[in-house]
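>>> predicted coordinates and the sequence they were generated for:
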Amino acid sequence: MTAYDDQNIFAKILRGEIPNVTVYEDDDTLCFMDIMPRTDGHCLVIPKTPCRNVLDASDAQLASVMSTVKKVANAAKTAFDADGITVQQFNETAGGQEVFHLHFHIHPRHDGVSMRPPGKMGDMEAIKAHAEKMRAAL
């Protein structure tokens, strides 16, 4: 198994070296907005402790992250009056993983509305407003 790289962008966010728009935080996890949102309300949930992905995560890391995923997914569904939620998680390069720190994407979804293409920076004021809606729903 490849070693954890503590210079990845999420590790830098956890150390406060890179700013983020926080939605939710507890002792074990952090949820923050994706700056390239594929849906309104697109956010990420990560553990605060090092692990590359599901393949090397401890049971405790997975349990705490999934608890936060459920909490935030319900808040996002409420905040955006969504018809459903898509949760995405990728493992290793061949599996689509780009940042090698365990993370789950949460996407509020509406019937008949496709996700936007990846890789396009979002409007930061809109992203901040979406975070506020989700915090209010929490």
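Now that the structure is in, tell me what you want to look at.

>>> now do the SS call for the residue positioned nearest the centre of the chain.
Against the mean C-alpha coordinate of the chain, by C-alpha atoms, centre = their mean, the closest residue is residue 44 at 0.5 Å. Under DSSP: H, G, I helix; E, B strand; the rest coil, residue 44 falls in the strand class.

>>> tell me the contacts of the residue nearest to it when sequence neighbours are not counted?
Excluding the flanking residues, the one nearest residue 44 by C-beta to C-beta, 6 or more residues apart in numbering is residue 103, at 4.9 Å. (C-beta placed from N, C-alpha, C; glycine too.) Applying C-beta atoms under 8 Å, 6 or more residues apart in numbering to residue 103 gives the contacts 10, 44, 45, 46, 89.

>>> and the second one, how far is that from residue 97?
This points to residue 44. Using C-beta to C-beta, to the nearest Å, residue 44 is found at 13 Å from residue 97.

>>> for residue 86, phi and psi?
phi -100, psi 130 (degrees, to the nearest 10).

>>> just to revisit the earlier point, show the buried residues in the contacts of residue 103.
When the contacts of residue 103 are checked for burial by 16 or more other C-beta atoms under 10 Å, the buried set is 10, 44, 45, 46, 89.

>>> residue 135: which of these is nearest?
residue 45 (14.3 Å; C-beta to C-beta).

>>> these two touch, right, the closest one and residue 28?
No. With contact defined as C-beta atoms under 8 Å, residue 45 does not count as touching residue 28 (10.6 Å).

>>> residues shared between the contacts of these two?
With C-beta under 8 Å, 6+ apart, residue 45 and residue 28 have common neighbours 65, 68.

>>> secondary structure of residue 62: a helix, I assume?
Yes. Residue 62 sits within a helix when classified using three-state DSSP.

>>> next, count neighbours for it.
A count of neighbours around residue 62, defined by other C-beta atoms under 10 Å, yields 14.

>>> same deal with residue 99?
Neighbours around residue 99, by other C-beta under 10 Å: 17.
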